[in-house]
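Student: I'll drop the sequence and a predicted model, then ask my questions.
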Amino acid sequence: MFAMSFGSRNRKSPFFDATVAAGVTHFSVYNHMYMPVSFGDAIGEYWRLVNGVSMWDVSVERQVEICGPDAETLVRYLVPRDLKNLRIGQGKYVPLCDHAGRLLNDPVLLKVDDDTFWLSIADSDVLLWARAIAAERGYDARIVEPDVSPLAVQGPAAEAVVADLFGDWVRDLKYFWFKETDLDGIPVLVARSGWSKQGGFEIYLRDGSRGGDLWHAVSEAGRRFDIAAGAPNYIERIESGLLSYGADTDPDTNPFEVGLGKFVDLDRHDDFVGKTALRALHERGIRRRLTGLFIEGPPMQPNTHPLPVLQGNRKVGKVSAAAYSPRLERNVSLALLEAAALEIRDPLLVITETGQAQATPSELPFL
């Protein structure tokens, strides 16, 4: 048994005390913060997400706020996706790449106002990168991490819970769209989004001192639906084929390899970071591909490290995430493999933590 030492190097979220009271058993570190990842019943949390409603402290999903006269110009330069139709109150999923076309993050971009944008980021230091780009190019833009902490409500009953809290207008929100509002004086932004395929919302708390109040309000609204604390679910995210930056990627991964090519607009007339390199990568063709694998054998526990994938005696990639799917009653996984290995269709072997196992490619998502 291992324990985690809590200190000031990493920050606690506004919901930290509430998650402790709710029985959190495991934390990870993400964006220099403590992130709850389990409340002691992984399968129960899975079924609650799939069949009911769960609430997650995802305040580690930090916001990089870009505001000022050149904010939109800077955002367009940072993002390879064409944003010409982005409206206030709308979000878009975007890759961020370096000048060599390597993936740096895959945030949701939110247009809060004409001159204010948020990048709702995965686990990497986008704040430092955006500041450096802005300074090098002389943009008049202020780049900060605002006091904003998302709380996710996910699952089939999530809409009913959030509608009880804020009103039926939330039912009309399109995916990735959001609205600024408040809940009994608690300032929030409500978005239809979240890291599951079960449907749900993220409530962006805009005053960290009110974390306990918001947690309690969501808990009370969800009581009749048997809501409980959970976390982004490892099994469900594999079933749904959801990319986890830093887990399913490595430092040289480009967006085309992990299914994000549709968010890279190479025909844009204006420049953006990595444009020349991304064009070259696209012309070269995809040499690795994120794919699903069914892994034969008894039910697997979630892997604790990448699992090598062999074709013949040669390593052709790695499994980044693997677990037993209760709905499919099979072991499912995500793997970054050589594209050629998938094309020739020779048998694949995964070196699991208990031995070798045969594997069969699958399209994503599994479900």
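Tutor: Received the coordinates, thanks. Computed from a prediction, not measured in an experiment: that's the story for all the values here.

Student: Not counting its neighbours along the chain, what's nearest V24?
Tutor: P36 (4.5 Å; C-beta to C-beta, 6 or more residues apart in numbering). In this view, the C-beta of every residue, glycine as well, is placed from N, C-alpha and C.

Student: Show me what the one helix or strand that neighbour maps to is packed against.
Tutor: Here P36, judged by DSSP states H and E, is contained in strand 33-38. Counting contacts by 3 or more C-beta pairs under 8 Å, 6 or more residues apart in numbering; DSSP states H and E, strand 33-38 packs against strand 26-30, strand 54-57.

Student: Next, the contact list for A158, please.
Tutor: V53, G194, Q198, G199, G200, F201 (C-beta atoms under 8 Å, 6 or more residues apart in numbering).

Student: How about the residue nearest to it when sequence neighbours are not counted: which residues does it bridge to?
Tutor: Closest residue to A158 apart from its sequence neighbours, by C-beta to C-beta, 6+ apart: G200 at 3.8 Å. Per DSSP bridges, the residues bridged to G200 are Q154.

Student: List the contacts of G200.
Tutor: Residues near G200 by C-beta under 8 Å, 6+ apart: V53, A152, V153, Q154, G155, A158, E159, R192, S193, G194.

Student: I'd like those as JSON lines, with pLDDT appended.
Tutor: JSON lines is the format used below for those (pLDDT from 0 to 100):
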{"residue": "V53", "pLDDT": "98"}
{"residue": "A152", "pLDDT": "98"}
{"residue": "V153", "pLDDT": "98"}
{"residue": "Q154", "pLDDT": "98"}
{"residue": "G155", "pLDDT": "98"}
{"residue": "A158", "pLDDT": "98"}
{"residue": "E159", "pLDDT": "98"}
{"residue": "R192", "pLDDT": "98"}
{"residue": "S193", "pLDDT": "98"}
{"residue": "G194", "pLDDT": "97"}
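
Student: Let me know the closest of those to K318.
Tutor: Nearest to K318 among the contacts of G200, counting by C-beta to C-beta, is G194 at 27.3 Å.

Student: burial measure for the closest one, as a count.
Tutor: G194 has 22 neighbouring residues, counting by other C-beta atoms under 10 Å.

Student: how close does it get to L49?
Tutor: From G194 across to L49, the span is 10 Å (C-beta to C-beta, to the nearest Å).

Student: swap in Y77?
Tutor: Taking C-beta to C-beta, one finds Y77 at 37 Å from L49.

Student: Tell me which of these two has more neighbours.
Tutor: A count of neighbours by other C-beta under 10 Å puts L49 above the other of Y77 and L49, at 25 against 19.

Student: Thanks a lot, catch you later.
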